[in-house]
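Colleague: Structure for the following, please:
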Amino acid sequence: MLVRPTPPPLEATPSPPPASAPSTAPRPQALRMRTGRHGRHTLLTMSGRLTADTVVTAEAQILTTIVLSTTPLHLALDLSRLEVVDLHGAHLLTKTHFAVRAARGTLHLIAPPHTPARSALSRYLLPHAVQHHHDLPLLTPSDPRSPSPLAALAGAER
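Modeller: Predicted coordinates:
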């Protein structure tokens, strides 16, 4: 005797809320960017979220800043006000480093310890991180024969 297979039970799927229903989830903070100057550095301050949905806008702003900047390029990204940095944001920071190096410039990332941005930095980018924008003048040698910025900081810590 042949047994007929039984169809799988129907599962209840939630219906989407009506468009007029208020959202109960907090809305993610959008990325805000502001460009300014700090001494010889072009300072690009980011606040909000550097995630997959905002990384394209951030990349466009960063590349525009690199292209329109005066030479020599000294770019500092202030990441201290970022609330979230996901894998896409971390990847953008690495791409930014390569773009600045291709433009023969320097990149510094302002990311204090225990912030989302600092924990998202790869081991490769950590040497370019400083805690505060007041640390930037220490990193830009005024004379090409000066020691590298990392060597200057290492000497200052002793």
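
Colleague: OK, contacts around residue 131?
Modeller: 110-113 (Cβ atoms under 8 Å, 6 or more residues apart in numbering). For every residue, glycine as well, the C-beta is placed using N, CA and C.

Colleague: So residue 49 sits against residue 81, correct?
Modeller: No: assessed by Cβ atoms under 8 Å, residue 49 is found out of contact with residue 81, at 10.7 Å.

Colleague: Of these two, give the one with the bigger neighbour count.
Modeller: Between residue 49 and residue 81, residue 49 has the larger neighbour count (other Cβ atoms under 10 Å), namely 22 against 14.

Colleague: Tell me which helix or strand that one sits in.
Modeller: Using DSSP states H and E, residue 49 sits in strand 41-50.

Colleague: That strand - contacts with which helices or strands?
Modeller: Counting contacts by 3 or more Cβ pairs under 8 Å, 6 or more residues apart in numbering; DSSP states H and E, strand 41-50 packs against strand 32-38, helix 55-68, strand 74-85, helix 87-102.

Colleague: Name the strands paired with it and say parallel or antiparallel.
Modeller: strand 32-38 (antiparallel), strand 74-85 (parallel) (DSSP bridges).

Colleague: what's the most buried one of those strands?
Modeller: For the strands paired with strand 41-50, the largest average neighbour count (mean count of other Cβ atoms under 10 Å) is found in strand 74-85, namely a mean of 22.
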